[in-house]
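Q: Only the shape, not the letters, is given here:
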């Protein structure tokens, strides 16, 4: 049976306004391409898969698609949130935005921490990809 999320973590969610349309423009461009190819979507039971993020202009944070948004063909700013703090060793993230961050947020955080040249990342049941 498929259950929500793969990675379980402690998420401190701070409800806040969404990122700006300018901040998500490139994300949506790539996400729509990935969705069209089936790398992002949802199972028949409604559980969504696939997430996309990009390094944010502020600090060490990043903008990521919100939890359970994979099944939506197009996302608006309200479907993204900002991860503003992460402690990988404690399985903890803090996010600010209209939705909780995706269950894959820790994976994205590790990639950004390991390689400062990666600017955009997606995770899916089918594969992962980074863009520098």
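A: In hand now; what should we look at? From a predicted model like this one, the values you see are computed outputs, not experimental measurements. Numbering: from 1, shown residues only.

Q: Which residue ranges of the chain form helices?
A: Assigned by DSSP state H, the helices in the chain fall at 21-36, 105-114.

Q: which sections of the protein are below the confidence cut-off?
A: For the chain, residues meeting the criterion pLDDT under 70 lie at 1-7, 58-59, 124-132.

Q: For it, which segments count as strands?
A: Counting by DSSP state E, one finds strands in the chain at the ranges 10-15, 41-42, 48-49, 51-55, 62-65, 80-87, 92-97, 120-123, 128-131.

Q: from the chain's centre, how far out does stretch 102-109 sit?
A: Chain-centre distance of stretch 102-109: 7 Å, with Cα atoms, centre = their mean, to the nearest Å.

Q: hmm, who's touching that stretch?
A: 4-9, 11, 51, 53, 62, 64-67, 69, 83, 86, 88, 91, 93, 95, 121, 123 (Cβ atoms under 8 Å, 6 or more residues apart in numbering). Glycine gets a C-beta too; all of them are placed from N, C-alpha and C.

Q: got it, and stretch 13-24?
A: For stretch 13-24, contacts defined as Cβ under 8 Å, 6+ apart pick out 56-57, 63, 75-82, 94-98, 100-101.

Q: and it, which residues are buried?
A: 13, 18, 19, 23, 24 (16 or more other Cβ atoms under 10 Å).

Q: Repeat that for stretch 26-33.
A: Applying 16+ other Cβ under 10 Å to stretch 26-33 flags 27, 28, 30, 31 as buried.
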